[in-house]
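Undergrad: Dropping a prediction and its sequence here:
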Amino acid sequence: MVDVSGRCAIFVFPSKNVLCRKMRSCTPDFIGKYGVVLPILLGNTELRTIRNIIMIERIHQIEDVKEGSVFLFGARQTGKTTLLLKLFPHSRFYDLLETDVYERMHRNPSLLRQELANANKGEIVIIDEIQLIPELLNEVHWLITRQDIHFILSGSSARKLKRKGVNSLGGRAVRNILYPLVSAEIPDFDLIKAVNRGMLPTHYLAGNERTLMKRLQAYVSVYLKEEIAAEALVRKLSSFSRFMEIAALTDGEMVNYSNIAQDCGIDAKTVKEYFSILEETLVGYMIPAFTHTVKRRLNQAPRFYYFDVSLPNYLLHRHQMQPGSDDFGHAFEHLMIQEIVAYLGYHDVEGVLSYWHTYNGYEVDAILGDGEVAIEFKSSKEVQSKHLRGLKAFKEEHPDARLIIVSLDAAPRLFHEVEVLPANSFLKKLWDGEIFRREHP
């Protein structure tokens, strides 16, 4: 540990090797509670004082690697690399973003098998950015079956690994996802900041608005250049860039491929492919419609959400939003959905989140399970009867449903059989398992 004073920071490394092998950039993905603590750069490149460094402990601990190998997926800058360094500081670490490592492994993938010939049974080996050299998966497969090595294969895109001819490991590696930060990980969580900045570590922790805007611009630019253009995923990058903006306009809304195609000047088939690219590169996901029909006809189209609210904020030029505006309301709903998605993902609960929308205009933002919990999000400072319309309609068809409306109310209350929960209270209950819990056998 180096203790310093003034406008500088502190560095803590669990071993000398970490410093040598991993100083990928000066701006961290994530500020860890243990292992690696790196400086947060301000806009003028000066460093924060040590007093202002925020200590964050991630919820996801990659426990599955104790039993076998793991794919760890997550969008760029969610903090995969730093988490791996913190959790496994002494494990062998192949970083495919390091030019020399990439070149020799790309030239001769069998080097991996040679270098791990004497690895112990159950030893954990990490390959970071595995999608850069999918051919390594043949060697990984051999090492798993012959030497029982436990691999963590991290990456920011599953698309290249789904191509024909790429070894999928035959179910020998379970899929894990690292999401952006969540409220339960952040001391003194600031809801207004999260709605405006999103929950990517470098965005939420940015020193000022100018720095935040630069990071968002760089994020989208790098995604377009390295994920889309470099992989030749689309013919016209300008069309895809326009599509991302239109997708932001429909963020949290039912997907209408024909309307989006018309707005983008492309055909509906291409729009579907573009959405598929966003999903497979982990930049967005679809929330399906609740389809259990009782009386009212239901819309079946899914809703699309970017993986972090910072992206639609940036693409739609939503800045410094305050409660009371329509923009804040949209971003508020997105952040709540984002937290639910992360909670369910970290608890290995799949296929239980949907939304409810009838042809005659009733809707509920989030349905959990088979209608067990119905949740509406309103960024109002005081929930009123008019806000309960959708929940009441849902209750008519699903009388046993628990009804919740998440708002900016000052305190929790019960209003016409609906639980009114302030956003921070809802988030705490969510992560404490008091909103929805499904036990595994």
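TA: Perfect, I can see it now.
Undergrad: what ranges do the helices span in the stretch 51-200 of the chain?
TA: Assigned by DSSP state H, counting those that start in this stretch, the helices in the stretch 51-200 of the chain fall at 80-87, 99-107, 110-115, 136-147, 191-197.
Undergrad: Switch those over to CSV; also include mean neighbour count and distance to residue 396.
TA: From N, CA and C alone the C-beta is placed, and that goes for glycine too. Listed next are the helices of the stretch 51-200 of the chain as CSV, based on neighbours: other CB atoms under 10 Å; distance: least, CB to CB, whole Å:
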stretch, mean neighbour count, distance to residue 396
helix 80-87, 23, 45
helix 99-107, 13, 59
helix 110-115, 16, 60
helix 136-147, 18, 51
helix 191-197, 21, 32
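Undergrad: With distance to residue 378 and mean pLDDT added, can I get these in TSV?
TA: Below are the helices of the stretch 51-200 of the chain laid out as TSV (distance: least, CB to CB, whole Å; pLDDT from 0 to 100):
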stretch	distance to residue 378	mean pLDDT
helix 80-87	34	94
helix 99-107	49	96
helix 110-115	53	96
helix 136-147	47	95
helix 191-197	14	96
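Undergrad: With distance to residue 399 as added columns, please give those helices in a markdown table.
TA: Shown next, in a markdown table, are these (distance: least, CB to CB, whole Å):
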| stretch | distance to residue 399 |
| --- | --- |
| helix 80-87 | 43 |
| helix 99-107 | 59 |
| helix 110-115 | 58 |
| helix 136-147 | 50 |
| helix 191-197 | 32 |
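Undergrad: nearest to residue 439, of these?
TA: Closest to residue 439 of those, according to CB to CB: helix 80-87, at 25.9 Å.
Undergrad: Can you tell me which helices and strands the closest one packs against?
TA: strand 92-95, strand 124-128, strand 150-155 (3 or more CB pairs under 8 Å, 6 or more residues apart in numbering; DSSP states H and E).
Undergrad: Go through those strands and pick out the most buried.
TA: Highest mean neighbour count among these (mean count of other CB atoms under 10 Å): strand 150-155, with a mean of 24.
Undergrad: residues in contact with that one?
TA: Outside strand 150-155, the residues that touch it by CB atoms under 8 Å, 6 or more residues apart in numbering are 62, 65-66, 68-74, 80-81, 84, 88, 122-132, 137, 140, 143-144, 161, 173.
Undergrad: cool, stretch 302-311 as well?
TA: Here stretch 302-311 makes contact (CB under 8 Å, 6+ apart) with 75, 179-180, 194-195, 197-200, 203, 216, 219-220, 247-248, 250-255, 275, 278, 282-289, 312, 331, 334-335, 337-338, 341, 355.
Undergrad: Show the contacting residues for the residue positioned nearest the centre of the chain.
TA: Centroid check for the chain by CA atoms, centre = their mean gives residue 179 as the closest residue, at 3.2 Å. Counting by CB under 8 Å, 6+ apart, residue 179 touches 60, 74, 78, 307, 338, 341-342, 345-346.
Undergrad: Closest to residue 387 out of those residues?
TA: Looking across those and measuring by CB to CB, the closest to residue 387 is residue 338, at 21.3 Å.
Undergrad: How about the closest one: what's its closest non-neighbour residue?
TA: Distance criterion CB to CB, 6 or more residues apart in numbering; nearest residue to residue 338, sequence neighbours excluded, is residue 309 at 6.2 Å.
Undergrad: From residue 187, how far off is the one you found?
TA: When distance is defined by CB to CB, to the nearest Å, residue 309 is 20 Å away from residue 187.
Undergrad: for residue 142, same thing?
TA: Distance from residue 142 to residue 187, counting by CB to CB: 44 Å.
Undergrad: Distance from the chain centre to stretch 356-365, please.
TA: 27 Å (CA atoms, centre = their mean, to the nearest Å).
Undergrad: can you list the weak-confidence ranges in the chain?
TA: Applying pLDDT under 70 to the chain flags residues 1-55, 163-165, 230-232, 440-441.
Undergrad: In it, what residue spans correspond to strands?
TA: 69-73, 92-95, 124-128, 150-155, 173-177, 284-287, 303-306, 353-357, 363-368, 373-377, 402-407, 413-415, 418-422 (DSSP state E).
Undergrad: who touches the shortest one?
TA: Okay, so that is strand 413-415. For strand 413-415, the surrounding residues in contact (CB under 8 Å, 6+ apart) are 383, 388, 405, 420.
Undergrad: Between the residues you listed, which sits nearest residue 362?
TA: If you rank the contacts of strand 413-415 by distance to residue 362 using CB to CB, residue 388 comes first, at 11.1 Å.
Undergrad: Name the nearest residue to the closest one, ignoring sequence neighbours.
TA: If the residues on either side of it in the chain are set aside, residue 388 comes closest to residue 418, at 5.6 Å by CB to CB, 6+ apart.
Undergrad: Give me the distance between residue 421 and residue 385.
TA: Computed as CB to CB, the residue 421 to residue 385 distance reads 17 Å.
Undergrad: And the residue lying farthest from the centre of the chain, how close does it get to residue 111?
TA: The C-alpha centroid of the chain is most remote from residue 118, which lies 36.3 Å away (CA atoms, centre = their mean). Separation of residue 118 from residue 111 (CB to CB): 14 Å.
Undergrad: residue contacts, the closest residue to residue 233 other than its chain neighbours?
TA: Once flanking residues are discounted, residue 233 sits nearest to residue 277: 5.5 Å by CB to CB, 6+ apart. By CB under 8 Å, 6+ apart, residue 277 lies in contact with 159, 228, 233-234, 240.
Undergrad: and the gap between residue 277 and residue 217?
TA: 21 Å.
Undergrad: now the contacts of strand 413-415 as JSON lines including distance to residue 429 and neighbour count?
TA: Output for those, formatted as JSON lines (distance: CB to CB, whole Å; neighbours: other CB atoms under 10 Å):
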{"residue": "383", "distance to residue 429": "17", "neighbour count": "21"}
{"residue": "388", "distance to residue 429": "19", "neighbour count": "20"}
{"residue": "405", "distance to residue 429": "13", "neighbour count": "24"}
{"residue": "420", "distance to residue 429": "13", "neighbour count": "24"}
